[in-house]
Every structure is written in structure tokens, then in C-alpha cells.
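Student: take a look and give me a structure for this.
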Amino acid sequence: MDTIMPTATNKQKVLDKILNALKKRYEPQDSEERPVLEQFMYAICREGATRQGADRAYQNLRDRFYDWNEVRVSSAREVEDALEGLPDSELRSQRLINFLQEVFETTYSFDLESMHKKGLKQAAKQLSRYQASTDFAVAWVVQQSLGGHAVPLDAPALRALRRLGLIEEENSDPEATRSGIEHLVPKAKAVQFGEILSALAHDVCGDDDPVCKACQLASDCPAAQLVPAGGSERHSRSKSR
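Tutor: Numbering: from 1, shown residues only. This is a model prediction of the structure:
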């Protein structure tokens, strides 16, 4: 049985439900203001992780190292220890070091506040050139520091959106996928939407064990409809990833 993509009207209905119904359950926290460089570093911690895990790892970096230069010259293992609890911590630690090294080599500092003076497109383009960059990291900085309209989407968020039928399975262009969601989510609600979607993806829409029966969006989710009466959520996952 194939999943039928919802119409634009139905997509908007699901998105509205995420914003209105789920915010009562997840109550997103206000985002912390950080300089551009620090938002990029936080994005490396945040991508594919929970808000709580990223906050803890980022605070560890602040507490265990004297400054960002010490992080830059530390071993990947030392940085990895600070990221304990995050998935792929070894890869993240190397990305953090590489990013700080590249910024230092090009600016001789750890300051990217000049990005505010560039247009959003130019700033995003420059951020995307860093070796450690991903579409999520760029979108995160644009949203959190540069005042642009962006909805950062990591792998868990994309998984939930696919199961909900809000994006197509075969679309492999992260920027195009994100752009489609941004057209449906108002800028004023983009931060809230991203936080709620992330919480949903980690809470009930897990990779191996989605708990469809506990999801408030089950009645609107094509993947959840594939779960037979008395069947398991794994059936849904195998047909909708």
C-alpha cells in the first residue's frame, strides 16, 4: 500500500496542528541569543540531537575549555569527551575543531559578526563554504542570529516530515526540501515549529521504534494509517522511511 501525498490544504492542516496542538505538549523554550560563530558551533551540537542534549554538550564546551582557541588546539578525543551523550560525538568533535581552525585561518580571530553586514543570501553562501557546514547549520544561523526566515531540518525532523507526508521521499535536495516547508510556515512561528518538530521526532517518531499510538498527529499521518489494527509501529516504519 503506497502513501498518498496530502494536498496543499491538508499539508497546511497538519502544519497548523503541529503548531497549535503539540505546543501544549512540548512547550518550546525560548532560544538563547549567541554570536554568529557560537550559533554555528551550537548548530553542530544540535543537529540530529535533542535540545537538552545539545544544551548540555555546548555548556560542557564552555565550562571545560578556557576559550575557543583551546578547543581549536585540543585533540578530537578531548572535545569528544565534552560532547558525551550526543550521537556521532567523534564526528561532531572533528567538525568543531575544523570549523574553528578554518575561521581562525581566514579571520585570525573567532568573530563572525561581520556576517550581519552582508545580505542574507551572501551570508548563507559564505557560511556554507566552511568544511563543517551543513544545510541545517546554515539555516540555524540564518534563523537564530541573522534574522532570516529559515527552518533548520535535520535527519530526525526530515524523517517525521516524510512520515507525515509533508515532503516527498525521493526529494534529496535539502535546500529545496527546506524551502518548501518555509513556504508553509510563517517566519514568526519558524523557531517554534522547528523545536516542536524536533521534540516530536525524538519523542514518538523514532527511527526504529515510532510510537504512533501515542502521537497526536496519528489521525493525519499517512504512515500511521499503515499500521494494521493490533499491529506494531515497526510495520509503519518499514513502509514509510
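Student: any low-confidence regions in the protein?
Tutor: 1-8, 170-171, 228-241 (pLDDT under 70).
Student: how does it divide into domains?
Tutor: 8-29+151-240, 36-144 (automatic domain parsing).
Student: what about the helices in this structure?
Tutor: With DSSP state H, the ranges of helices along the chain come out as 8-20, 23-26, 36-46, 51-64, 68-73, 76-82, 89-107, 120-128, 135-144, 155-163, 174-184, 190-203, 222-225, 233-240.
Student: coming back round to it: quick one: the domains of the chain as TSV, columns for mean neighbour count too.
Tutor: (Glycine included, C-beta is placed from N, CA and C.) Formatted as TSV, the domains of the chain follow (neighbours: other Cβ atoms under 10 Å):
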stretch	mean neighbour count
domain 8-29+151-240	17
domain 36-144	18
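Student: ok, back up a step: for Val211, find the nearest of the helices of the chain.
Tutor: For Val211, the closest of the helices of the chain is helix 233-240, at 6.0 Å, according to Cβ to Cβ.
Student: one step back: can I get the helices of the chain in TSV including distance to Glu113?
Tutor: Listed next are the helices of the chain as TSV, based on distance: least, Cβ to Cβ, whole Å:
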stretch	distance to Glu113
helix 8-20	32
helix 23-26	32
helix 36-46	6
helix 51-64	18
helix 68-73	14
helix 76-82	24
helix 89-107	10
helix 120-128	11
helix 135-144	12
helix 155-163	28
helix 174-184	25
helix 190-203	21
helix 222-225	43
helix 233-240	43
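Student: out of those, which gets nearest to Pro210?
Tutor: Nearest to Pro210, of the helices of the chain and by Cβ to Cβ, is helix 233-240 at 4.7 Å.
Student: surely Cys212 touches Gln225?
Tutor: No. Look at Cys212 against Gln225 with Cβ atoms under 8 Å: they stay out of range, at 9.1 Å.
Student: look at Pro35 and say how many residues are nearby.
Tutor: 15 (other Cβ atoms under 10 Å).
Student: dump the residue contacts of it.
Tutor: Pro35 sits next to 111-113, 145 when contact means Cβ atoms under 8 Å, 6 or more residues apart in numbering.
Student: could you rerun that using 10 Å?
Tutor: Residues counted as contacts of Pro35 (Cβ atoms under 10 Å, 6 or more residues apart in numbering) are 41, 110-113, 115-116, 145.
Student: from those residues, which two are the most distant?
Tutor: Met41 and His116 (17.2 Å).
Student: contacts only, for Ala201.
Tutor: Ala201 neighbours (Cβ under 10 Å, 6+ apart): 48, 50, 153-161, 163, 207, 210.
Student: again, but for Glu195
Tutor: Glu195 neighbours (Cβ under 10 Å, 6+ apart): 23, 26-31, 51.
Student: ditto for Cys205
Tutor: Applying Cβ under 10 Å, 6+ apart, the residues near Cys205 are 156-157, 159-164, 197, 199, 211-212, 214-215, 217, 221, 223-224, 233, 236-237.
Student: tell me the spacing between it and Thr50.
Tutor: Taking Cβ to Cβ, to the nearest Å as the measure, Cys205 falls 13 Å from Thr50.
Student: what is in contact with those two at once?
Tutor: Joint contacts of Cys205 and Thr50 (Cβ under 10 Å, 6+ apart) are 156, 199.
Student: what sits closest to Gly85 if chain neighbours are left out?
Tutor: Gly53 (5.5 Å; Cβ to Cβ, 6 or more residues apart in numbering).
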